[in-house]
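Peer 1: how would this look folded up:
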Amino acid sequence: MLKTICSTFFKFFIVVAILGATLNCSDKGSSLEEDPNASEEMETPVEEVAEPEDPTVPEDNTTPEETSGTAKIPADLMANCAQWKITYPDGEEDKTLCDEDNNEYFYVNEAKNGIVFKAPIRSTNNTTTNSTYIRSELRERTEDGTADIYWTTEGTHVIYVKQAFTHLPINKSHIVGTQIHGDKEAGIDDAMVLRLEGSHLFLSFNGGVLRSNLTIKTDYNLGTNHEVIFEVVDGKHYCYYSEDGDLKASYENGTASEYLVLDGSSTILMDKNYDQSYFKVGNYTQSNSEKEGSDTDDPLNYGEVVVYDFFVKHF
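Peer 2: So this is what the prediction gives:
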C-alpha cells in the first residue's frame, strides 16, 4: 500500500511541475511575439514642443545712438579735431579743439557717445559778423587746421552727420543743423541747410532765395536720431536722409539711393556753381534776446543739437 501511495504522490508532483512551467511561460510571453501595445507606442510620433522664451531676458532694442560710449571730451568723438573751429553763443571763437575741455556750450553727453551743442538765449549773447542769431557750431577748416577752407562746387564734396535736434527756443522755435555755406557776396550764403521749425524739418536754400524750401517731414519729434548727407557733385546738390541707422553703411557701399530726398521725381535738388564754400556742423539757433523777449535768460530757453558722428570728404 505504501508503494501505491508513493506512486500516486509522484504522479501528483509531476502534474504540478508541468502546470507551473506552463504558467511561467505564459507570464513572460514568447520573444518571437510582438506586443501590440508596444507597437502602437513606437508608431505614435513624438510631438515637438517649442521651448518657451526666457521671460527674464529683455528684447534688445538699443541702437548705435543709444549705446553708451567712452568719450571724455568732444575731441574724442571727432575724426579730425584739427579740421574744425567753433563759435560759441557769446561770440567767442576757438580754433584749438583737440584739447578743448567740456564747457556749457560744447560738451560730451551723459551717455559719452555724443557732442552736445547748446545755445542759451541770454541778454549777454553775442553774434558773429553778418548774423543776428546765436550759435554753438563747428566751421570746417583745412585738414591740418592751419587755415579756414574754401572750396568751389566743382568736383565732389560730401558731409555726413548723425545727429538729433533735442531742444528749441521758447518763442522762435527755429534751429539749423548741418549746412553748406557759400559765397555771401554772390548771394549764396547758407546755400543748403537742414532746418527745423517746430516739428517741420526741411531743407532751406539761402532762406528761399536760391529756390523754394523742400520738406523732409512735418512731424519730427525732438530727440529723434537721424543721419543726413549733403553731397555736391559739379554743382548738383543732393541730400540723403534716414532715421533707421543704415545710411552711413549704405552710402559707403554705394546702395543709399533709397535715402535720397526727392524734389518731385528728381534727385537733383539744386544745380548751381559757386565758390567760397565750406561745411558747418552743430547748432545755429535762429533766435535771440529780441525774439525771446521776457523769456530771455530763462534757463529753459535754449537751442540744442546732439551730434554722434560726422565726417567730410572732398574729391
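Peer 1: Regarding the closest residue to Ile159 other than its chain neighbours, which helix or strand does it belong to?
Peer 2: By the measure of Cβ to Cβ, 6 or more residues apart in numbering, the closest residue to Ile159 outside its immediate chain neighbours is Phe279, 4.5 Å from it. Where C-beta positions appear, they are placed from N, C-alpha and C, glycine not excepted. Element membership for Phe279 (DSSP states H and E) is strand 278-285.
Peer 1: how about that strand as PDB, C-alpha atoms only?
Peer 2: Output of strand 278-285 as PDB, limited to C-alpha atoms (Å, rounded to 0.1, in the frame of the first residue of the first chain):
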ATOM      1  CA  TYR A 278      32.600 125.300 -46.600                       C
ATOM      2  CA  PHE A 279      30.600 122.900 -44.300                       C
ATOM      3  CA  LYS A 280      29.200 123.600 -40.900                       C
ATOM      4  CA  VAL A 281      28.000 121.200 -38.200                       C
ATOM      5  CA  GLY A 282      26.200 121.700 -34.900                       C
ATOM      6  CA  ASN A 283      23.700 124.300 -33.700                       C
ATOM      7  CA  TYR A 284      22.800 127.600 -35.300                       C
ATOM      8  CA  THR A 285      19.900 128.700 -33.200                       C
END
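Peer 1: Quick check: the residue nearest to Ile159 touching Lys313?
Peer 2: No. Judged on Cβ atoms under 8 Å, Phe279 makes no contact with Lys313 at a distance of 10.2 Å.
Peer 1: Show me whatever sits in contact with both of these two.
Peer 2: His157 (Cβ atoms under 8 Å, 6 or more residues apart in numbering).
Peer 1: When these two are compared, which one has more neighbours?
Peer 2: The neighbour count for Phe279 versus Lys313, taken as other Cβ atoms under 10 Å, is higher for Phe279 (23 against 10).
Peer 1: is it true that Ala79 touches Val281?
Peer 2: No. Using Cβ under 8 Å, Ala79 is not in contact with Val281, being 11.5 Å away.
Peer 1: Comparing the two, which residue is more hemmed in?
Peer 2: The neighbour comparison of Ala79 against Val281 (other Cβ under 10 Å) goes to Val281, with 26 against 10.
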